[in-house]
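>>> The sequence and its predicted three-dimensional model are supplied below.
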Amino acid sequence: MTTDMSADLAIFERRESEARSYCRSFPKSFVKAKGAELTDAEGRTYIDFLAGCSSLNYGHNDPDMQSALIAHITADGITHGLDMHSDAKADFLRAFEDIILTPRGMDYKVMMTGPTGTNAVEAAMKLARKVTGRRNIIAFTNGFHGMTMGALAATGNAGKRAGAGAVSFSDVAHMPYEGAFGEGVDSLRIIEEMLNNPSSGVDAPAAFIIEPVQGEGGLNAASTAFMQGVARLAKEHGALLIADDIQAGCGRTGSFFSFETMSIEPDLIPMAKSFSGMGLPFAALLIKPEHDIWGPAEHNGTFRGNTHAFVTARVALEKFWTDDAFQKSIATKAEILRDGLERIADAIPGARLKGRGMMQGVDVGRGDLASAICARAFEKGLIIETSGAHDEVVKVLAPLTIPETSFRKGLDILFEAAREVTQTHKLAAE
Ligand SMILES: *Cc1c(COP(=O)(O)O)cnc(C)c1O
């Protein structure tokens with residue numbers, strides 16, 4: 001172990017592309033991770049309120065997933081098998097059917113896509129267009145769906161879009177998310193008028209793509225009424241409903257799917273991030289059977305279905321989702337989170353709470369303030385990031401398995417950071 005951190009980090013400056021991002025907010029090199037903690041090369045531990053952007057809902061290195069994976073590898077289990085049949089895939093599919101789909105009365109085919117979320121979104125957009133024979137897709141302000149061309153076309157963020165250069169994004173119409181134009185403006189009404197007006201310039205849509213809670217876009221949480229309204233409009237206009245549950249799913253909002261209590265039936269559901277359970281790359285598109293009109297190999301890919309992830313994903317389902325104990329613990333922690341964030345919001349003039357379940361944060365009104373709070377928190381041993389169009393939301397994405405004592409400790413650190421930074425900003429303003 002070396003103590004000269006600057007020498008350690010020089011390799012990244014020298015050799016890693018400028019596209020690197022999160023490492024800029026947390027300029028340390030990490031060597032270990034367990035549960036809700038990360039340890040850097042100097043031996044300092046941090047509480048992790050980022051959790052791989054909700055890819056680590058069950059924490060780092062869950063011991064049961066770890067041992068199942070090690071056993072699979074040492075038994076010469078399949079590592080790569082294209083999309084051939086395997087025992088690991090069968091076991092995962094059976095567990096997903098028995099533990100998630102059947103008890104919820106849900107009937108979906110599971111399409112293995114390339115291993116990242118954006119692959120599942122691309123497949124969803126492609127399939128919706130194929131099913132309907134239409135091109136246009138309705139996406140929402142502040143929506144984030146990934147960085148490949150199709151998904152990026154449906155993403156609102158100007159900076160992310162600019163990354164693609166001078167290309168034109170086509171066949172997506174952006175509509176206001178609930179509350180996007182302020183509380184007095186009914187977004188659903190606007191969308192409805194635009195779709196019903198034959199001279200609005202909005203083509204009949206193949207699909208609506210929506211995040212029930214916007215992860216990157218500032219933790220805007222759609223109400224049941226709004227989600228039902230979007231589902232109704234989709235139906236009325238012959239479009240499919242794509243519920244992008246990549247960040248909000250896998251328990252993040254309190255239930256396995258974030259829309260579970262909303263009485264809606266999305267046609268397509270892209271899943272990724274925590275779907276593997278252990279932070280391994282793994283994405284899938286859930287498809288209502290009647291829409292599964294793909295021909296064989298029509299949407300191919302070398303890495304569709306990560307066999308190691310099948311092993312850990314199955315363990316995650318068996319360990320956390322066979323009874324309601326985990327969901328109850330998420331509800332308890334969501335309340336702890338709300339209380340902690342309220343205390344922070346009270347200390348910052350104009351601040352307000354955003355989000356739902358274990359996907360909440362504080363909108364502090366300004367990006368520089370939110371970033372300063374996160375930077376100060378990191379100095380104090382907490383890893384946390386911002387979200388929103390102006391990075392104005394301090395966003396908590398702690399592992400759902402975080403022990404309550406660590407959770408409260410992390411929230412205390414965040415409170416202290418917010419208090420100190422607000423004080424400094426106030427002094428600077430005077
Ligand atoms: C992260 C994310 C994606 C993209 O997933 P990647 O694995 O980064 O490609 C898509 N949609 C939502 C809602 C996300 O949070």
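Good, I have the coordinates.
>>> in the stretch 51-200 of the chain, which spans are helices?
Taking DSSP state H, counting those that start in this stretch, the helices of the stretch 51-200 of the chain run over residues 51-54, 63-74, 87-95, 117-132, 149-153, 158-162, 187-196.
>>> Please apply the same query to the stretch 301-430 of the chain.
307-320, 325-346, 367-379, 404-429.
>>> What are the buried residues along the longest one?
Under the neighbour-count criterion of 16 or more other CB atoms under 10 Å, helix 404-429 has 406-407, 409-411, 413-415, 417-422, 425 buried. All C-beta spots, glycine's among them, are computed from the backbone N, C-alpha and C.
>>> cool, and the second one?
For helix 325-346, the neighbour count (16+ other CB under 10 Å) marks 326-327, 329-330, 333-334, 336-337, 340-341, 343-345 as buried.
>>> Figure out how far that helix is from the centre of its chain.
From the chain centre to the centre of helix 325-346 is a distance of 19 Å (CA atoms, centre = their mean, to the nearest Å).
>>> other SSEs contacting it?
strand 352-356, strand 359-363, strand 393-396, helix 404-429 (3 or more CB pairs under 8 Å, 6 or more residues apart in numbering; DSSP states H and E).
>>> for the ligand, what are the nearby residues on this structure?
The chain has residues 116-118, 121, 144-146, 211, 215-216, 244, 246-247, 272-273 near the ligand, with proximity defined as CB under 6 Å from any ligand atom.
>>> Quick one: neighbours of the residue of the chain found nearest the ligand, just the number.
Residue nearest to the ligand within the chain (CB to the nearest ligand atom): G117, separated by 2.1 Å. Number of residues near G117 (other CB atoms under 10 Å) recorded here: 29.
>>> which residues does it contact?
G117 makes contact with 145-146, 246, 270, 272-273, 283, according to CB atoms under 8 Å, 6 or more residues apart in numbering.
>>> same check, this time on D292
Counting by CB under 8 Å, 6+ apart, D292 touches 109, 111.
>>> Next one: it, what pLDDT does it get?
If you check D292, the pLDDT there is 98.
>>> gap between it and T148?
22 Å (CB to CB, to the nearest Å).
>>> V121 now?
The span separating V121 from T148 equals 8 Å under the rule CB to CB.
>>> The two: which has the busier surroundings?
Higher neighbour count among V121 and T148: V121, with 30 against 16, using other CB under 10 Å.
>>> ok, that one - contacts?
The contact partners of V121, taken as CB under 8 Å, 6+ apart, are 145-146, 148, 150-151, 154, 209, 242, 244, 246, 270.
>>> quick one: N61 and M278 touch, right?
Yes. At 7.5 Å, N61 counts as touching M278 under the criterion of CB atoms under 8 Å.
>>> Just send the helices and strands packed on helix 325-346 back as a markdown table, with mean pLDDT and distance to A372 too.
A markdown table is the format used below for those (pLDDT from 0 to 100; distance: least, CB to CB, whole Å):
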| stretch | mean pLDDT | distance to A372 |
| --- | --- | --- |
| strand 352-356 | 98 | 18 |
| strand 359-363 | 98 | 13 |
| strand 393-396 | 98 | 10 |
| helix 404-429 | 92 | 5 |
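>>> how about JSON lines for these, with distance to P198 added?
Converted to JSON lines, those look like this (distance: least, CB to CB, whole Å):
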{"stretch": "strand 352-356", "distance to P198": "37"}
{"stretch": "strand 359-363", "distance to P198": "38"}
{"stretch": "strand 393-396", "distance to P198": "38"}
{"stretch": "helix 404-429", "distance to P198": "50"}
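>>> Out of the residues of the chain next to the ligand, the closest to G52 would be?
Taking CB to CB as the measure, G52 lies nearest K273 of the residues of the chain next to the ligand, at 7.4 Å.
>>> residues contacting the residue lying closest to T79 once chain neighbours are set aside?
Take T79 and drop its neighbours on the chain: the residue closest to it by CB to CB, 6 or more residues apart in numbering is T307, 6.1 Å away. By CB under 8 Å, 6+ apart, the contact list for T307 reads 77-81, 86, 88-89.
>>> Likewise for I99?
Contact analysis of I99 by CB under 8 Å, 6+ apart lists 317-318, 321-322.
>>> ok, back up a step: to E392, which of the helices of the stretch 51-200 of the chain lies closest?
Each of those has some distance to E392 by CB to CB; the shortest is helix 158-162, at 14.1 Å.
>>> Can you pull out the residues in contact with the closest one?
Residues from elsewhere that reach helix 158-162, judged by CB under 8 Å, 6+ apart: 144, 147, 152, 155, 169.
>>> Just among the contacts of T307, which is most surrounded?
A88 (24 neighbours).
>>> K319 versus the spatially closest residue to it that is not a sequence neighbour, what's the distance?
Leaving out its chain neighbours, the residue that sits closest to A88 by CB to CB, 6+ apart is F310, at 4.2 Å. In this structure, F310 and K319 are 15 Å apart, going by CB to CB.
>>> Neighbour count for those two, which is higher?
F310 (28 against 16).
>>> I figured the more buried one was touching F92, is that so?
Yes. Using CB under 8 Å, F310 is in contact with F92, at 4.0 Å.
>>> Would you mind writing the PyMOL command to select the buried ones in the contacts of G117?
PyMOL command restricting the contacts of G117 to the buried ones, with burial defined by 16+ other CB under 10 Å:
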select buried, resi 145+146+246+270+272+273+283
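>>> Give me the number of neighbouring residues for F259.
Using other CB under 10 Å, F259 has 25 neighbouring residues.
>>> er, E192 I mean
17.
>>> so who does it touch?
Contact analysis of E192 by CB under 8 Å, 6+ apart lists 229, 233.
>>> dump the residue contacts of the residue positioned nearest the centre of the chain.
Centrality entry for the chain: nearest residue to the mean C-alpha point is Q247, 1.6 Å, by CA atoms, centre = their mean. By CB under 8 Å, 6+ apart, Q247 lies in contact with 53-54, 211, 213, 215-216, 273, 359.
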